[in-house]
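# Got a sequence here, can you build the structure:
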Amino acid sequence: VPVLVVDGAPSEITFRSETYFLSSALSPGGSESALSPFIPKVIQSGQISSEDLSRYEAVILANVAKLQANDVSKLQSHVNAGGRMLIFPGDRTDIPWHNQALASGEGGLLPAGFGKPAGEASDAESALKLTQWDNQHPIFKPFDGEKAGDLSHFRFHRVHTLLNEGRSDSRVLASFDNGS
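Next comes the predicted model:
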């Protein structure tokens, strides 16, 4: 499964790159490993325009500040054609820009805008945990069953809340112990 991973905070020190751990999780044995069905290709945010997005099942934006207007159009076409998109916001992500450019109105790329962050990355005491999730949804289906792992054991030190402003085409798939 080819996945395009867009690194919004690249680093010359490999493990400090925003996408190092994500890429390693997607393909734990390296490129085209038998350990995973995913084949991630990592690019920087300024390189989206040179990619043919139809070659990828999913596009992941990791701590990407903003996109060029033509890249937003490419992503919109990709999603409209059935492609998937995930966004992992971070300290470089321009939240107001994402809300305006990607989450505005019915049919926007995001089903909800980003709200305020919850939790503090440096404070283990404020870590959040998942308390509810839709185990029938494909993203959580691998965790359904006794030996599949319990998602409530994971701790999230900082998350962005979502502003679901009554869109009819969105639903909540999971929630944290603080209600977000």
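# Return the set of buried residues in the helix ranked longest in the chain.
The residue-count maximum for a helix in the chain (DSSP state H) belongs to helix 69-80. Of the residues in helix 69-80, D71, K74, L75, H78, V79 count as buried by neighbour count, 16 or more other C-beta atoms under 10 Å. Using the backbone N, CA and C atoms, a C-beta is placed for each residue, glycine as well.
# what's the closest non-adjacent residue to the last one?
What it means is V79. Excluding the flanking residues, the one nearest V79 by C-beta to C-beta, 6 or more residues apart in numbering is M85, at 5.6 Å.
# same check, this time on the first one
With sequence-adjacent residues excluded and distances taken as C-beta to C-beta, 6+ apart, D71 is closest to I48, at 4.3 Å.
# Next: the second one.
For K74, ignoring the flanking residues on the chain, the nearest one in space by C-beta to C-beta, 6+ apart is L53 at 5.7 Å.
# Show the backbone phi and psi for that neighbour.
phi -70, psi -20 (degrees, to the nearest 10).
# count of residues packed around it?
Neighbour count of L53, defined by other C-beta atoms under 10 Å: 18.
# ditto for the one 5 residues further on
Here the number of neighbours of A58 (other C-beta under 10 Å) works out to 19.
# Pairing-wise in the sheet, spell out the partners of it.
V3, R84 (DSSP bridges).
# Could you look up the SS state of the residue with the largest distance to the centre of the chain?
Centroid-distance maximum for the chain: E146 at 26.3 Å, with C-alpha atoms, centre = their mean. Under DSSP: H, G, I helix; E, B strand; the rest coil, the three-state class of E146 is coil.
# ok so, going back, tabulate the buried residues of helix 69-80 (a markdown table), appending distance to R158 and pLDDT.
Formatted as a markdown table, the buried residues of helix 69-80 follow (distance: C-beta to C-beta, whole Å; pLDDT from 0 to 100):
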| residue | distance to R158 | pLDDT |
| --- | --- | --- |
| D71 | 26 | 94 |
| K74 | 29 | 94 |
| L75 | 25 | 94 |
| H78 | 28 | 95 |
| V79 | 26 | 92 |
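# could I get those as CSV with distance to L128?
Output for the buried residues of helix 69-80, formatted as CSV (distance: C-beta to C-beta, whole Å):
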residue, distance to L128
D71, 31
K74, 33
L75, 28
H78, 31
V79, 28
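# Just the closest of those to D91, please.
The shortest approach to D91 among the buried residues of helix 69-80 belongs to D71, at 20.7 Å (C-beta to C-beta).
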